[in-house]
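Visitor: Compute the structure for the input listed below.
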Amino acid sequence: MTEYRPRFFRSDAEIEHLGEGLVACILQRSEWTHEAHLAATAYLLLRRPDIDLDEQLPGIIRRFNESVGGVNSDTEGYHETITRVFLDGVRLFLAEGNPADPLHEVVNELLLTPMGRRDWPLRFYSPERLFSVEARRRFITPDIAVLP
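Guide: Numbers count the residues shown, from 1 in each chain. So this is what the prediction gives:
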């Protein structure tokens, strides 16, 4: 996979904007980057205990996709397995950190870890399995390595 330099955050306000903007479906499509996905997830896990991400995140993402003119189909939009793998990865990272640290510093550190890399799910899944319609529709187990 192509190497990407992560785009870092300079303030907690940037991350709050992404998390709340995702929930309210007010972000611009161009703001919804890989880094934004992880930042919003970290924000929601740490600052919005009123949202049960295991239950509500799929609907939040689907609604957001539709709000910016996207679709959720067998080939684009919401992807259950990728979402679950990254959600668990962010939780794994946050469990090791200090929740009192500035959120933007926490997220920037996350982006430098294996869990923050765009290709992290491919450590556990073959591309054929991960990018299958089945994996997009529902969580499927990995075929290369066990998830941590």
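Visitor: low-confidence ranges in this protein?
Guide: Low-confidence segments of the chain, defined by pLDDT under 70: 1-3.
Visitor: Which other helices and strands does the longest helix belonging to it contact?
Guide: The longest helix of the chain (DSSP state H) is helix 80-96. Contacts defined by 3 or more C-beta pairs under 8 Å, 6 or more residues apart in numbering; DSSP states H and E place helix 80-96 against helix 34-47, helix 53-67, helix 103-111, helix 133-137. Just so you know, the C-beta spots here come from the backbone N, C-alpha and C atoms, and that holds for glycine as well.
Visitor: Buried by neighbour count: which residues of the longest one qualify?
Guide: Applying a neighbour-count criterion of 16 or more other C-beta atoms under 10 Å, the buried positions in helix 53-67 are Leu53, Leu57, Pro58, Ile60, Ile61, Phe64, Asn65.
Visitor: Contacts only, for the third one.
Guide: Spelled out, it's Pro58. Pro58 sits next to Tyr78, Glu80, Thr83 when contact means C-beta atoms under 8 Å, 6 or more residues apart in numbering.
Visitor: coming back round to it: with distance to Phe8 as extra columns, can I get the helices and strands packed on helix 80-96 in a markdown table?
Guide: Shown next, in a markdown table, are those (distance: least, C-beta to C-beta, whole Å):
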| stretch | distance to Phe8 |
| --- | --- |
| helix 34-47 | 8 |
| helix 53-67 | 23 |
| helix 103-111 | 5 |
| helix 133-137 | 30 |
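Visitor: among those, which is nearest Val23?
Guide: The closest of those to Val23 is helix 53-67. By C-beta to C-beta, the value is 6.0 Å.
Visitor: and the closest one, C-alpha only, in PDB?
Guide: The C-alpha coordinates for helix 53-67 follow below in PDB (Å, rounded to 0.1, in the frame of the first residue of the first chain):
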ATOM      1  CA  LEU A  53     -20.500   3.300  19.300                       C
ATOM      2  CA  ASP A  54     -20.900  -0.500  19.000                       C
ATOM      3  CA  GLU A  55     -24.600   0.100  18.500                       C
ATOM      4  CA  GLN A  56     -24.800   3.500  16.900                       C
ATOM      5  CA  LEU A  57     -21.700   4.100  14.800                       C
ATOM      6  CA  PRO A  58     -22.900   2.200  11.700                       C
ATOM      7  CA  GLY A  59     -26.000   4.400  11.500                       C
ATOM      8  CA  ILE A  60     -24.000   7.600  12.200                       C
ATOM      9  CA  ILE A  61     -21.600   6.900   9.400                       C
ATOM     10  CA  ARG A  62     -24.300   5.800   7.000                       C
ATOM     11  CA  ARG A  63     -26.300   9.000   7.700                       C
ATOM     12  CA  PHE A  64     -23.200  11.100   7.200                       C
ATOM     13  CA  ASN A  65     -22.400   9.500   3.900                       C
ATOM     14  CA  GLU A  66     -25.900  10.200   2.600                       C
ATOM     15  CA  SER A  67     -25.800  13.800   3.900                       C
END
